[in-house]
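Asks: Okay, structure incoming, though there's no sequence with it:
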């Protein structure tokens, strides 16, 4: 037996692909990285950070813009610069030694080269003893050393160093005798990323949640260089909006200790959902690091009133331990998953620490939401709320039929009823840059053929270097359909889209498939990596049936037989097995029919295929129908939401909220009468018509989002225009009926 061993080679191409992912947020991602690095360099000392934006007219030919970040902390000598910016995966920041700096898995500022190149320049003085490698240059103790390292997008680099000259101090805009370090993002004309305007970039730095605490305690200045002028933007700092502190609480995180949460109520609510630039949200930080601005996956509109800060020191402490174990090559289970992502996209939601943080914060948010709803409700509009509730009840049966049709849709295999001589699945595939994806080809056969596959694939349109194509030479007959199965593997090399042609040379039949290469994949359509239930927790009412969907990765047969085992007496299964078939999205899928038997019970179904298994939980209960007496209708007087209304499920049933401060309603409603505590115009016909539109909008938005989640590849959602057409069709169905009901109530007639 021949034996070989070695290590995986990390190529320049892999470096470039990782850098693209790390900088997926655009130029602001690079600036967050470089500004926080400069802050780390100062440690606890005072000092400012300067950002300079050189526009195209101030740059060399072939360069669209250069953005630099300069600090006067310590600078770097040549060997230190090489170690910091050319060694991947190493610990260079002091993070592992317990220093209060950010730890980003040895990538740091290297990733900014994805925009074209990154240039690092420094002047530092030789202290105490001259390093051996500097002696040949004639440098002496006390001399200033100028170092320059340029890192290309593909990972190649060049560095030179020498005794610093007066011109070096001038070019780095510092005084002779100072230490200085400058990082530059060089955005080439050939770069795939767009250039952010300097005014936009300045605003992004001011408002970015990852920099807010930093800019409050350290001065960050910005200027813009043009051909012959320099414009000073001054200090960039987040302006805290008017707010009132409402609580400080120590949160119990169980085995992870405690964290401190401070919450404020804003004078005016924000109009957007929580993001890195909104005033609402909770900043999650650990020491000097801020990870995200979040409500921990909560999106209730009442949260737009609140801003908070969660300080959890254990995040960095535990990540330091985890990275130490990783460097030592410990067992994978002992190392665990990273607590936060190196692309600064936030905390890792799959860790136990994240779950503990979310559970503790959820309790506080539940309190705030309840208080806000009580605050926003006005007793004087109770009659209007009751009228809306009556309208919901009148639509009860039709709305529930629509909901059941969405939830219980039977997913059928892609080959069921297919007549084509050659079929490729999926017809359209979106993949991440640098990733591989598999397409499955079915060719119709009267009888199985022998020998290698006669399927070939070629680039039909698009960039020739966009993808690499391999066809699996093996072909197998499908065990249930009159097709043979072949496989195509594509690997994404560049960003863009293309069409590949697929031909069966034996029959001459041909088809095509579209490939889109993007920076990030479509999370909502993520392929299963193992056997799984699409919804691991479902409910079913006594005497009724619904379909639970099982999914699995595609295999060579294009189908998979799954065994089912029922635990509990609350539901019934028609069979103890189900066959999964290839669906239009390129993986295996099948439907399990579940019938409710006993109200108030919970049953489990264990699905097993080969060596994999997964479990789903089914609650049998009498449903809370949309519009039934438990439905709650709220006219919110305070939140100026971007939506006219929302429909959602709660623990006690359904809840419809109409936002009276929406611009389409506020002018028509008029002021609140202090004697009746009602809007002066809420009973007028034209106002009732607008409420009907708001109510319809909320219902249609809910149904469309539910349907989109269940059938993301349906024609109704193929593009924005199709979504709008689908929405218009739903509105035209429900709006006339709701209008008639509310107008009849306002005129005192019965419906």
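Replies: Structure received. As the structure is a computational prediction, the values presented were derived from the model and not from experiment.
Asks: going forward, measure contacts between C-alpha atoms and count neighbours the same way
Replies: Noted.
Asks: Report back the residue of the protein that's furthest from centre.
Replies: Distance to the chain centre peaks in the chain at residue 138, reaching 53.0 Å (criterion: C-alpha atoms, centre = their mean).
Asks: Surely that one is in a helix?
Replies: No. Looking at residue 138 with DSSP: H, G, I helix; E, B strand; the rest coil, it is coil, so not inside a helix.
Asks: how many other residues sit next to residue 295?
Replies: By other C-alpha atoms under 10 Å, the residues close to residue 295 number 24.
Asks: and the gap between it and residue 278?
Replies: Distance, residue 295 to residue 278, by C-alpha to C-alpha, to the nearest Å: 12 Å.
Asks: do residue 358 as well
Replies: From residue 358 to residue 278 the distance is 20 Å (C-alpha to C-alpha).
Asks: and what of residue 576?
Replies: In terms of C-alpha to C-alpha, residue 576 sits 51 Å off from residue 278.
Asks: And residue 549, by the same measure?
Replies: 37 Å.
Asks: now do residue 214
Replies: 17 Å.
Asks: can you give me how far the helix or strand that contains residue 501 is from the chain middle?
Replies: In this assignment (DSSP states H and E), residue 501 forms part of strand 496-504. Averaging C-alpha positions (C-alpha atoms, centre = their mean, to the nearest Å) puts strand 496-504 29 Å from its chain's average.
Asks: repeat for stretch 155-173
Replies: 39 Å.
Asks: Which neighbouring elements make contact with the lengthiest helix in the chain?
Replies: Counting residues, the longest helix found in the chain (DSSP state H) is helix 720-747. Where contact means 3 or more C-alpha pairs under 8 Å, 6 or more residues apart in numbering; DSSP states H and E, helix 720-747 is packed against helix 382-394, helix 685-710.
Asks: what comes up buried for the last one?
Replies: I take that to be helix 685-710. Neighbour-count burial for helix 685-710 flags 685, 687-704, 707-708, 710 (criterion: 16 or more other C-alpha atoms under 10 Å).
Asks: Repeat that for stretch 589-607.
Replies: By neighbour count with 16+ other C-alpha under 10 Å, stretch 589-607 contains the buried residues 589-599, 602-607.
Asks: and what of stretch 155-169?
Replies: For stretch 155-169, by 16+ other C-alpha under 10 Å, it's 155, 157, 161-164, 168-169.
Asks: quick one: which of these sit in strands?
Replies: 157, 161-163 (DSSP state E).
Asks: now for those residues, which pair is the farthest apart?
Replies: 157 and 163 (20.8 Å; C-alpha to C-alpha).
Asks: so where's the stretch 251-400 of the chain shaky on pLDDT?
Replies: 329-334, 342-343, 376-381 (pLDDT under 70).
Asks: Spell out the residue ranges of the helices in it.
Replies: Using DSSP state H, counting those that start in this stretch, the helices of the stretch 251-400 of the chain run over 314-327, 332-335, 352-376, 382-394, 396-407.
Asks: returning to what we had before: same list, the ones in strands among the buried residues of stretch 155-169, but as TSV with distance to residue 291 please.
Replies: Formatted as TSV, those follow (distance: C-alpha to C-alpha, whole Å):
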residue	distance to residue 291
157	30
161	36
162	39
163	40
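Asks: Could you export these to JSON lines, including columns for pLDDT and distance to residue 121?
Replies: Below are those laid out as JSON lines (pLDDT from 0 to 100; distance: C-alpha to C-alpha, whole Å):
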{"residue": "157", "pLDDT": "89", "distance to residue 121": "13"}
{"residue": "161", "pLDDT": "91", "distance to residue 121": "10"}
{"residue": "162", "pLDDT": "90", "distance to residue 121": "12"}
{"residue": "163", "pLDDT": "91", "distance to residue 121": "13"}
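Asks: follow-up on the earlier one: any chance of JSON lines for the buried residues of stretch 155-169, columns distance to residue 244?
Replies: Listed next are the buried residues of stretch 155-169 as JSON lines, based on distance: C-alpha to C-alpha, whole Å:
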{"residue": "155", "distance to residue 244": "49"}
{"residue": "157", "distance to residue 244": "51"}
{"residue": "161", "distance to residue 244": "54"}
{"residue": "162", "distance to residue 244": "55"}
{"residue": "163", "distance to residue 244": "55"}
{"residue": "164", "distance to residue 244": "52"}
{"residue": "168", "distance to residue 244": "50"}
{"residue": "169", "distance to residue 244": "47"}
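Asks: what bits of the stretch 651-751 of the chain have low per-residue confidence?
Replies: 651-652, 674-675, 709-719, 745-751.
Asks: Looks like residue 41 contacts residue 73 (just checking).
Replies: Yes. Counting by C-alpha atoms under 8 Å, residue 73 is a contact partner of residue 41 at 5.7 Å.
Asks: how near is residue 505 to residue 403?
Replies: The value you get for residue 505 to residue 403, if C-alpha to C-alpha is used, is 47 Å.
Asks: do residue 375 as well
Replies: 32 Å.
Asks: if we can go back for a sec, more crowded one of residue 505 and residue 403?
Replies: Neighbours per residue (other C-alpha under 10 Å) separate residue 505 from residue 403, with residue 403 holding more: 18 against 12.
Asks: Excluding sequence neighbours, find me the nearest residue to that one.
Replies: residue 703 (6.9 Å; C-alpha to C-alpha, 6 or more residues apart in numbering).
Asks: thinking the one you found is in contact with residue 401, fair?
Replies: No. Using C-alpha under 8 Å, residue 703 is not in contact with residue 401; the gap is 11.3 Å.
Asks: closest to residue 568 among the ones in strands among the buried residues of stretch 155-169?
Replies: The closest of those, once distances to residue 568 are taken by C-alpha to C-alpha, is residue 157, at 63.9 Å.
Asks: any idea of the pLDDT on the residue lying closest to the closest one once chain neighbours are set aside?
Replies: Leaving aside its sequence neighbours, residue 157 sits nearest to residue 151 (C-alpha to C-alpha, 6+ apart; 4.4 Å). At residue 151, the model reports a pLDDT of 89.
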